[in-house]
Structure formats: structure tokens, C-alpha cells
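*Asks:* Just need the structure, nothing else, for what follows:
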Amino acid sequence: MRSNHPMHTHLSFDAARAPHLREAIERFTSCRIMVVGDLMLDVFVWGEVQRISPEAPVPVVDVSEETQLLGGSANVAHNVAALGAKAMVSGVVGNDPGGRELVRLLRRAGISTEGIVVEEDRPTTMKTRIIARNQQVVRFDRERRKPIQPDTLEHIAGYLEGNLNRVDAVIVSDYAKGVISPDLMDRTRSMKAAERVPVIVDPKVQNTALYRGVTLITPNHHEAARMAGIEISDEEGLRAAAAVLLRELECETVLITRGKDGMSLFHRNGDISSIPTVARRVFDVTGAGDTVIATMALGMAAGLSTADAALLANLAAGIVVGEVGTATVSRDQLAEALETCSCSAG
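*Replies:* A predicted model of the protein is given here:
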């Protein structure tokens, strides 16, 4: 329901707000977040390009190093853990080296893996990026997007239901690889209603209809335009698209991330909060959405309003895009960045 006098607020850091946000960051350590979605292993092959192949007009990369990192919903859980909270994750891996490495990395990060199911005929989703001189040359994917098996769905839904009274928020990290389905979202909505736990979704356009009734969704502006069927080329288009999403999905809040233009938060009552970007340099946007949703969920779990949680999420995103490769933000980094912004504002 819209209020009679909706407000449009431009949010930024100030000395008065800083203590409240700092206290929330300190409370992260007492928060517990469940992440359900598409687990991935991100592989980075690093090297140098000094010549073109004689076989075809393509660069030859002399490989110097290879790193394997948590990606997809696993990276969301990693961000939650890096921010000092307890992270639990549920999803699917294959019975293969990639799946075993993914589980090993999660455990090393202190993330519970009890909710992970191994499907024998399904490869672990892997995205391999070739990086030369801090630029991505090519990416190749190994994946299977078919829906998960019925018994896998039962395991994931059962794990979620069995732990819902122990968590402060549920993040649905949808990369459209087959884990997030109508049945799973129906059951998640039922659990949300019973336990009153916020459900926060990082969406995929093709699954828009699945997100009806969740607490908050976090599309970027390109996704929001496609989800709403409205071109976003100015503020009017942005507001129109958000209004469609709020109405059609019956969610409480829509957070649209806008790259260099920051973020815009749209509330069901008509209020709008605009947040300018704080990123000083952008090297790599890989995983920035994962950082945003993890910080947003933790802010809300720590008692912040959605607007203040979005301020912290925006700050965390500004840190992570300054790093090359999938990255996380630590609680200390976030607190230090908050201090810097508050001093600048003061």
C-alpha cells in the first residue's frame, strides 16, 4: 500500500549515522545466514600475452598461475563468512574434482556444507577465466542447467526447513543453473510465512515469476528493465520498472544496483532511497552482486533498516570492484571504509 506522501531520500554517509552503522557491523558476528542457490567454482588462469598464434588470429597466453575460488552462491556464503557471520549453504555439486575442491574451500572458510548434495550425473558448475595483464581474455564454462533431481530438492528443502528457526535471513542466490525451481520457492515462501525470516533474492531474469512474495530482490538495472519489460534510460524509466516489480512480485522492497550511478531502493509504500556510488576505481565487477546481497542480508539481520543496510552494501561493493577476480570484503575492511567515508563526510 502506498503512503499519501511518498518520500525520495538521497542517502549518504554522515557523522550522525556512522555510530549506528558501526554497531551493526559489530553485531555481524552474532548473525547466522542461510544461502541456497547455484554453487560454482571460479577458476582463474593468469598469464601474459606476448604474441599472436600462427594457427589463428588469437593471443597466446603464457600461463604463470592458476587459482580456484568460490563462485556463485558459494561466493555469497564466503562474503557472509568474511564479514564475520555464520554462513550455511545448500546446493548441488558433481562427483568430480571441481566439486571436491569447492567443498574443501567452503570448509576452509568455516562454512557449513551439510546442505550440499552430490549428484552423480551432474558436473560441478565451473567458470574458467583467462586473465592477461589484469584483463579477461576469454571465459569458458562447464555446467548443466537442467533442474535438480526430486530427491535433491527434498534434501535442500528439508535442510532449509530444519534450520530456519536458527537463521536470521535466507539468501536465494539464483544463477539459473537448476537449483532454484517453482517447488523450492513455493516451499521457501511457506517457511518464510511460518518463521517470519526475511528472504532476499539475487534474481535471474528468466525466473522472475518465482520470486513472488519474497522480502527483497536485488537486480541490476539491466535485469530490472528486462524483468519489468520497461526500458530504463532515465529516472522515470527506473521508477516505472521498480513499480512494476513491486506490484507484480508483491515483494516488500526492490534494490536496483546501477553501476557508476550507485543504487536505488524502492519501498512498497512508495518511498525511494538513492545512494551514490563510493567506488573510486573499478578493476573488476566479478562477484560484486554477491557482495551486495551478503552485506544487505547481514545489515538487515543486524537490525538495520533496509536503507541503512543498503548504505553498507553499497560501501562493500565499492571495495570489491577495486579488486581483480572474485573477491570478498572483510568486516575490518568494511569498518575501515565506513570510518573513512564518515571522516570525509564530517
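
*Asks:* ok, and the helix or strand in the protein with the lowest average confidence?
*Replies:* Ranking every helix and strand in the chain by mean pLDDT, DSSP states H and E puts helix 331-345 at the bottom, with a mean of 80.

*Asks:* So A288 sits against I319, correct?
*Replies:* No. With contact defined as CB atoms under 8 Å, A288 does not reach I319; the gap is 9.6 Å. No exception for glycine: its C-beta is placed from N, CA and C like everyone else's.

*Asks:* And the strands in the stretch 1-150 of the chain, which stretches?
*Replies:* 8-10, 32-37, 39-52, 59-72, 86-94, 112-119, 126-132, 135-142 (DSSP state E, counting those that start in this stretch).

*Asks:* Let me know which of the ones you listed is tucked in deepest.
*Replies:* Comparing these by mean neighbour count (mean count of other CB atoms under 10 Å), strand 32-37 comes out on top with a mean of 27.

*Asks:* could you check the angle strand 112-119 makes with that strand?
*Replies:* Between the axes of strand 32-37 and strand 112-119, defined by axes from the mean of the first three to the mean of the last three CA atoms, to 10 degrees, the angle is 10 degrees.

*Asks:* What segments of the stretch 151-300 of the chain are strands?
*Replies:* Here the stretch 151-300 of the chain has its strands, by DSSP E, counting those that start in this stretch, at 169-173, 199-202, 216-217, 253-257, 263-267, 272-275.

*Asks:* Those strands into JSON lines, with extra columns for mean pLDDT?
*Replies:* Output for those, formatted as JSON lines (pLDDT from 0 to 100):
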{"stretch": "strand 169-173", "mean pLDDT": "97"}
{"stretch": "strand 199-202", "mean pLDDT": "97"}
{"stretch": "strand 216-217", "mean pLDDT": "97"}
{"stretch": "strand 253-257", "mean pLDDT": "96"}
{"stretch": "strand 263-267", "mean pLDDT": "94"}
{"stretch": "strand 272-275", "mean pLDDT": "92"}
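
*Asks:* between these, which one is nearest to A294?
*Replies:* Of all those, it is strand 169-173 that lies closest to A294, at 7.0 Å by CB to CB.

*Asks:* just how off-centre is the least confident helix or strand of the chain within its chain?
*Replies:* 21 Å (CA atoms, centre = their mean, to the nearest Å).

*Asks:* what does that helix rub up against?
*Replies:* With contacts defined as CB atoms under 8 Å, 6 or more residues apart in numbering, helix 331-345 is touched by 12-15, 17-18, 21-22, 25, 28-29, 82-84, 278, 295, 312, 315-316, 318-319.

*Asks:* try 6 Å
*Replies:* Contacting residues not belonging to helix 331-345 are listed as 13-15, 18, 21, 25, 28, 83-84, 315-316, 319 [CB atoms under 6 Å, 6 or more residues apart in numbering].

*Asks:* Tell me how many other residues crowd V205.
*Replies:* Residues near V205, counting by other CB atoms under 10 Å, number 14.

*Asks:* So it versus N220, what's the distance?
*Replies:* V205 sits 10 Å away from N220, going by CB to CB, to the nearest Å.

*Asks:* what would the strands of the stretch 1-150 of the chain look like in a markdown table with mean pLDDT?
*Replies:* Shown next, in a markdown table, are those (pLDDT from 0 to 100):
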| stretch | mean pLDDT |
| --- | --- |
| strand 8-10 | 83 |
| strand 32-37 | 98 |
| strand 39-52 | 94 |
| strand 59-72 | 94 |
| strand 86-94 | 97 |
| strand 112-119 | 96 |
| strand 126-132 | 94 |
| strand 135-142 | 91 |
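
*Asks:* how about the nearest residue to R51, chain neighbours excluded?
*Replies:* Of all residues not flanking R51 in the chain, V60 sits nearest, at 5.3 Å (CB to CB, 6 or more residues apart in numbering).

*Asks:* go on, S53?
*Replies:* Nearest non-adjacent residue to S53, counting by CB to CB, 6+ apart: V60, 5.0 Å away.

*Asks:* Would you check that K204 makes contact with A176?
*Replies:* Yes. Applying CB atoms under 6 Å, one finds K204 in contact with A176, separated by 4.1 Å.

*Asks:* Of these two, give the one with the bigger neighbour count.
*Replies:* Applying other CB under 10 Å to K204 and A176 shows that K204 carries more neighbours, namely 20 against 14.

*Asks:* show me the residues around the more buried one that make contact.
*Replies:* Going by CB under 6 Å, 6+ apart, K204 touches 174, 176.

*Asks:* Tell me the backbone dihedrals of it, please.
*Replies:* Here the main-chain torsion angles of K204 (degrees, to the nearest 10) amount to phi -120, psi 140.

*Asks:* So for the least confident helix or strand of the chain, what gets flagged as buried?
*Replies:* Using 16 or more other CB atoms under 10 Å as the burial criterion, the residues of helix 331-345 that qualify are 331, 333-335, 337-338, 341-342.

*Asks:* and the most centrally placed residue in the chain, what pLDDT?
*Replies:* The structure's the chain has its C-alpha centroid closest to D290; by CA atoms, centre = their mean the separation is 2.5 Å. Among the per-residue scores, D290 holds a pLDDT of 92.

*Asks:* ok, now how distant is it from T277?
*Replies:* With distances defined as CB to CB, the gap from D290 to T277 amounts to 17 Å.

*Asks:* related to what we said a few turns ago, narrow the contacts of helix 331-345 to those in helices?
*Replies:* Per DSSP state H, helices hold the following members of the contacts of helix 331-345: 18, 21, 25, 315-316, 319.
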